[in-house]
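Trainee: Got a predicted structure here, sequence first:
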Amino acid sequence: MNKASKLLTSSLLGKEQSQRFLAGTPFQLCKTAHNYYNGRNGCQIDLEKAAEYFAQAASLGDAGGLYNLGKMTQEGKGVERNVLKGHQYIVEAANKPPVIEYIPGSGIKSNNIGVMESWHQLGMAYHFGIAVDKDYNEVCYYRSQLFDW
């Protein structure tokens, strides 16, 4: 996905503008957050920095940022543990559009992966009663969302 985004944006915008464009995108913020979360691409594992980058992406309304920040908040990784607040982030991510315009104004559409991850997580939450009461109707609803995607 990273190579594709670089090739696509550089062919549409030129190499220099492409680098500036990608620098502030939720995609790039989440990529950087994952690098800190997993200790990849020259980044040391730093869960607080990872949470900061996910929070920046979340503040831009990105489903992936919201989902990952929600998971980290539920687990207390890099941020104070708060299962209910984490659940709220995941619900917010699940309510984002499942298909988004990859580069605003380009007409190129892409699946919004953070939405799918959130639907799965919410199905699991309702199945096991994590931050919510067990509700198999809700489990079926989120499963159907995944299969309809």
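Mentor: The structure has been received and is ready for your questions.
Trainee: mind listing what's buried in the top helix by length along the chain?
Mentor: Ordering each helix of the chain by length in residues (DSSP state H) puts helix 113-128 first. Neighbour-count burial for helix 113-128 flags 114-123, 125-127 (criterion: 16 or more other CB atoms under 10 Å). C-beta coordinates here come from the backbone N, C-alpha and C atoms, glycine included.
Trainee: Report all helices and strands that whichever helix or strand comes after it contacts.
Mentor: Moving toward the C-terminus from helix 113-128, the next helix or strand (DSSP states H and E) is helix 136-148. Helix 136-148 sits against helix 113-128, with contacts defined as 3 or more CB pairs under 8 Å, 6 or more residues apart in numbering; DSSP states H and E.
Trainee: CA atoms of the helix it packs on as CSV?
Mentor: The C-alpha trace of helix 113-128 is given here as CSV (Å, rounded to 0.1, in the frame of the first residue of the first chain):
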residue,chain,number,x,y,z
ILE,A,113,-9.6,-0.7,6.6
GLY,A,114,-10.1,0.9,10.0
VAL,A,115,-13.8,0.5,9.6
MET,A,116,-13.5,-3.2,8.9
GLU,A,117,-11.2,-3.6,11.9
SER,A,118,-13.7,-1.7,14.1
TRP,A,119,-16.6,-3.9,12.9
HIS,A,120,-14.7,-7.0,13.8
GLN,A,121,-13.6,-5.6,17.2
LEU,A,122,-17.2,-4.6,18.0
GLY,A,123,-18.5,-8.0,17.1
MET,A,124,-15.9,-9.5,19.5
ALA,A,125,-16.8,-7.0,22.2
TYR,A,126,-20.5,-8.0,22.0
HIS,A,127,-19.6,-11.6,21.9
PHE,A,128,-17.4,-11.6,25.0
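Trainee: dump the residue contacts of the residue nearest the centre of the chain.
Mentor: The centroid of the chain falls nearest to Gly64 when counting by CA atoms, centre = their mean (0.8 Å). The neighbourhood of Gly64, defined by CB atoms under 8 Å, 6 or more residues apart in numbering, consists of Pro26, Phe27, Cys30, Ala57, Ala93, Asn112, Ile113, Gly114, Glu117.
Trainee: so the fifth one sits right up against Tyr67, yeah?
Mentor: Yes - with contact defined as CB atoms under 8 Å, Ala93 and Tyr67 form a contacting pair (4.3 Å).
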